[in-house]
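K.L.:
Predicted coordinates and the sequence they were generated for:
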Amino acid sequence: MGEAVLQHIANQRGLDVVVDSAGTAGYHVGEEPDERTVATCKKHGVPINSYARQVATSDFTKFTHILASDENNLRHLESIKPANATASVRLWGSYLDGKPIPDPYYGRASGFENVYHQCVSLSNAFLDEVIGKEGS
């Protein structure tokens, strides 16, 4: 959901950015997003059409920013970050309120709605900070 929301908001702002999503574990590689994620995105007019993949060491040089959803994922990313990494690796919530993105998988549909709204807020905060730095 984070990938879809961030890409959608960047597109709405007229920004030409590449957004990709990857998990720190390979549990769902090749699978489509959860049907509740898809339904929530569609409800808000956000296109979503990605497949799960696992983060690769090349991501640390391919992308400028790597955003972790929570502290566990951040620690894992830091542990696999290669010496030649050029990407900024941060908790996505650090751009706004420092809060992690909860995994709504085992909860109710309302959890997906809450995560959607959190992703919107985080996307705007992230883009505001990155655009501000690039414009300086």
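P.N.:
Done, it's in.
K.L.:
which stretches of the chain have low pLDDT?
P.N.:
For the chain, applying pLDDT under 70 flags the ranges 26, 132-136.
K.L.:
how about 50 then?
P.N.:
Where the chain drops to pLDDT under 50, the residues are 135-136.
K.L.:
residues contacting S88?
P.N.:
By C-beta atoms under 8 Å, 6 or more residues apart in numbering, the residues touching S88 are 64-66. The way it works is simple: take the backbone N, C-alpha and C, and place the C-beta from them, glycine included.
K.L.:
ditto for A125
P.N.:
Per C-beta under 8 Å, 6+ apart, neighbours of A125: 95-96.
K.L.:
The lengthiest helix in the chain: which residues count as buried?
P.N.:
In the chain, with assignment by DSSP state H, the single longest helix is helix 109-135. Across helix 109-135, burial judged by 16 or more other C-beta atoms under 10 Å covers 111-116, 118-127, 130.
K.L.:
re earlier: which of the contacts of S88 lies closest to A52?
P.N.:
I66 (16.3 Å; C-beta to C-beta).
K.L.:
List the beta-bridge partners for the closest one.
P.N.:
Beta-bridge partners for I66, by DSSP bridges, are V89.
K.L.:
right, and it touches H76 too?
P.N.:
No: here I66 lies out of contact with H76, judged by C-beta atoms under 8 Å, at a distance of 11.2 Å.
K.L.:
which one of these two has more residues nearby?
P.N.:
Shown here are I66 and H76; by other C-beta atoms under 10 Å, I66 has more neighbours (22 against 15).
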